[in-house]
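**Student:** coords please:
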Amino acid sequence: MHNLARDYSRWLHAGMMPAGGVMATQFTDDTLSEVLAYSSRRDSAIWTGTYLASEALRFMTTQAPDAARQIRDTLETLHLWWRIPGDPGYLARYAAPADSPAPIQAILSDSEEEVHRDVLYEGERWHWRGNISRDQYQGVMLGYSFAYEATQSPALRELIRKDVVDFIEQLMRSEEQPVAVRVGNSTLSTQVRIPYAVFSKVEAPDGEPALTLTLDPFEAAGKGVLFFSPNAAELVRQLPGLGGFANIYQPTESIQLGAMFNVALQVTEGVSEYAERRQAIAQHYEAHADEWLDIATGWRNSNQCADAYFGLNIGFMPLYSWIRLEQDPARKLRLQREVLRDAMWEEVKDHKNVFFAFIYASQAAAEDEVQSVADFHADQLARFPTAPNLALPRDLTGKYPESEQCEGLSAVAVNVDERVPASFTWERQPWKLVDGGTPNQVYGGVDYLMAYWMGRYYGFIADDAPGTCLLWRRDQ
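**Tutor:** As a prediction, the model looks like this:
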């Protein structure tokens, strides 16, 4: 398993991190020597941040010098993605120099509305992809938290600190500004206060953020604005005629806020230059943390036949950080029992999801028996395909019982070695029986690296290659 981690690192760096960002790669032929195109281009931030977390865990487990270098390089890449868009706390999905090779240029096509080209940053021109979503922040914040713990470099710690604090202070502002709001067939321009939001001037139509609201069932979409509101009704009630709108609690957003504020407290602890700013963050957190926790206990899996399984990941990932970093013992215990164990783990315990299992096993309340959970899922991880992880066709018809409720899906979770490959297996539903595959497409293995180094860090997996040099070589 340790040797497989080395193999995945080699493949990842050889062809699946264009301009420093993690993607999947389709090659021109089965020699896998020439890049045809990159995919997963809208999800590079979340998986690059997750890769950073895996390297931080590797460094804390092994003290490998090359892991320290990867932490540095990946932090510098993500720092650029925070800064190039130009608005506080607004993260790019991906960015690359304007003079990049053709396959990278194709990632950032000028035909796509969310792509911004030839943006000047510190004297150089860049292309970047916007229209950021909440899930992208979760991988980046997870990576920043672990990287801050792993590195002792004052410069890298300050880089992390600046990005995180700027983001959290933006969320705290709750700015009031003109917004174009569309509800049904009506559009009005009005002043509203948008709590817990980041803004992008370049992505706002005519310079004014735009919101489209559907009230029953409630849905919200924005242009030039992304919000992390734990109660969406706080926004809706500001609109004419909707002052009595019922609460719309959002457990996943509450978990995200709890995690992100804790990361900000982590990276400012004991730093005198940030003492006043840290105090403001801490006061805000203490004023709202229990409210967010109460909302988080209402987390439910709303998936129907696994139509949006990725939503589970964007709850588990920040919950991992919130529990790890929470300093209040009573609050931490509620998170462990009521949110992690009783709500979320209970829902996925038979999914053979190694990432979720290792989060649960490492963060569970002391009274929970987790060794059998860790052992079973370590065995599943040992089944992970060898590198490179090709998008080969799958047809498991007849091998697994078919679900009576969900056509074309298995009634039980498919073993890890037989699953349809993906950029991050643990965010994809585990019941798919048939997939046509994609010729010569390779996935980078961040899913394996993150789970493996979690397993090593927490003692769920032993080193099966002690004393062996596992540094990948660039000439291989």
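
**Student:** Point out where this structure drops to low pLDDT.
**Tutor:** Residues of the chain that meet the criterion pLDDT under 70 lie in 469-476.

**Student:** hey, which helix is longest across it?
**Tutor:** Counting residues, the longest helix found in the chain (DSSP state H) is helix 275-296.

**Student:** counting contacts, what elements does that helix pack onto?
**Tutor:** Applying 3 or more CB pairs under 8 Å, 6 or more residues apart in numbering; DSSP states H and E, we find helix 275-296 packed against helix 154-173, helix 251-268, helix 329-334. C-betas here are computed from N, CA, C, even on glycine.

**Student:** packing partners for the helix or strand following that helix?
**Tutor:** For helix 275-296, the following helix or strand on the C-terminal side (DSSP states H and E) is helix 310-325. Under the contact criterion of 3+ CB pairs under 8 Å, 6+ apart, helix 310-325 touches helix 134-150, helix 251-268, helix 354-363.

**Student:** contacts for helix 310-325?
**Tutor:** 50, 134-135, 138-139, 141-142, 145, 251-252, 255-256, 258-260, 262-263, 265-266, 296, 299, 301-303, 332, 335-336, 339-340, 344, 347-348, 355-356, 359, 363, 424, 426-428 (CB atoms under 8 Å, 6 or more residues apart in numbering).

**Student:** Mark which of those residues are buried, thanks.
**Tutor:** Buried members of the contacts of helix 310-325, scored by 16 or more other CB atoms under 10 Å, are 50, 134-135, 138-139, 141-142, 145, 251-252, 255-256, 258-260, 262-263, 265-266, 296, 299, 332, 335-336, 339-340, 344, 347-348, 355-356, 359, 363, 424, 426-428.

**Student:** and the longest helix of the chain with helix 154-173, angle?
**Tutor:** 60 degrees (axes from the mean of the first three to the mean of the last three CA atoms, to 10 degrees).

**Student:** can you dump the C-alpha coordinates of helix 275-296 into CSV?
**Tutor:** Listed next in CSV are the C-alpha coordinates belonging to helix 275-296 (Å, rounded to 0.1, in the frame of the first residue of the first chain):
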residue,chain,number,x,y,z
ALA,A,275,-4.5,39.3,18.3
GLU,A,276,-7.2,41.9,17.7
ARG,A,277,-8.5,40.2,14.6
ARG,A,278,-8.5,36.8,16.3
GLN,A,279,-10.5,38.2,19.2
ALA,A,280,-13.2,39.5,16.8
ILE,A,281,-13.4,36.1,15.1
ALA,A,282,-13.5,34.3,18.4
GLN,A,283,-16.3,36.5,19.7
HIS,A,284,-18.3,36.0,16.5
TYR,A,285,-17.8,32.3,16.7
GLU,A,286,-18.8,32.0,20.4
ALA,A,287,-22.0,34.1,19.6
HIS,A,288,-23.1,31.7,16.9
ALA,A,289,-21.4,28.3,17.3
ASP,A,290,-24.2,26.7,19.3
GLU,A,291,-26.8,27.9,16.9
TRP,A,292,-24.9,26.4,14.0
LEU,A,293,-24.5,23.2,16.0
ASP,A,294,-28.2,23.0,16.7
ILE,A,295,-28.8,23.4,13.0
ALA,A,296,-26.1,20.8,12.1
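
**Student:** just to revisit the earlier point, out of the helices and strands packed on helix 275-296, which comes closest to residue 372?
**Tutor:** Across the helices and strands packed on helix 275-296, residue 372 has its closest neighbour in helix 329-334 (22.0 Å, CB to CB).

**Student:** And the next helix or strand past that closest one?
**Tutor:** helix 346-348.

**Student:** What is that following helix packed up against?
**Tutor:** Against helix 346-348 (3+ CB pairs under 8 Å, 6+ apart) you get no helix or strand.

**Student:** looking at the helices and strands packed on helix 275-296, which is closest to residue 437?
**Tutor:** That would be helix 251-268 among these, by CB to CB, at 31.5 Å.

**Student:** Please compute how far that closest one lies from its chain's middle.
**Tutor:** 13 Å (CA atoms, centre = their mean, to the nearest Å).

**Student:** which helices and strands does that helix pack with?
**Tutor:** Short answer (3+ CB pairs under 8 Å, 6+ apart): helix 251-268 packs on helix 134-150, helix 154-173, helix 275-296, helix 310-325.

**Student:** Let me know which of those is the nearest to residue 87.
**Tutor:** helix 154-173 (8.2 Å).

**Student:** and residue 149, what does it touch?
**Tutor:** Taking CB under 8 Å, 6+ apart as the test, what residue 149 contacts is 56, 60, 266.

**Student:** What is the nearest of those residues to residue 405?
**Tutor:** Among the contacts of residue 149, and counting by CB to CB, the member closest to residue 405 is residue 56, at 40.5 Å.

**Student:** For the closest one, what are phi and psi?
**Tutor:** phi -70, psi -40 (degrees, to the nearest 10).

**Student:** Measure how buried it is and give me the count.
**Tutor:** 28 (other CB atoms under 10 Å).

**Student:** Which residues does the longest helix of the chain contact?
**Tutor:** Applying CB under 8 Å, 6+ apart, the external contacts of helix 275-296 come out as 165, 168-169, 172, 230-231, 249-251, 254-255, 257-258, 261-262, 264-265, 268-269, 271, 319, 328, 331, 334-335, 339.

**Student:** hmm, back to that, so which of the helices and strands packed on helix 275-296 is the most surrounded?
**Tutor:** helix 251-268 (a mean of 24; mean count of other CB atoms under 10 Å).

**Student:** OK, contacts around the residue positioned nearest the centre of the chain?
**Tutor:** Nearest to the geometric centre of the chain sits residue 139, at 2.9 Å (CA atoms, centre = their mean). Contact analysis of residue 139 by CB under 8 Å, 6+ apart lists 45-50, 53, 317.

**Student:** top of those by neighbour count?
**Tutor:** residue 46 (31 neighbours).

**Student:** so how far is residue 159 from the closest residue to that residue other than its chain neighbours?
**Tutor:** Nearest residue to residue 46, sequence neighbours excluded (CB to CB, 6 or more residues apart in numbering): residue 139, at 3.5 Å. Per CB to CB, to the nearest Å, residue 139 is found 17 Å from residue 159.

**Student:** Strands along the stretch 1-150 of the chain, start to end?
**Tutor:** Assigned by DSSP state E, counting those that start in this stretch, the strands in the stretch 1-150 of the chain fall at 24-27, 35-39, 94-97, 115-121, 124-129.

**Student:** elements contacting the second one?
**Tutor:** It refers to strand 35-39. Counting contacts by 3+ CB pairs under 8 Å, 6+ apart, strand 35-39 is packed against strand 24-27, helix 102-107.

**Student:** Within the sheet, what are the partner strands of that strand, with directions?
**Tutor:** Sheet partners assigned to strand 35-39 using DSSP bridges are listed as strand 24-27 (antiparallel).

**Student:** Contacts for the partner strand, please.
**Tutor:** Strand 24-27 is contacted by residues 15-16, 33-40, 391, 423, 438-444 when judged by CB under 8 Å, 6+ apart.
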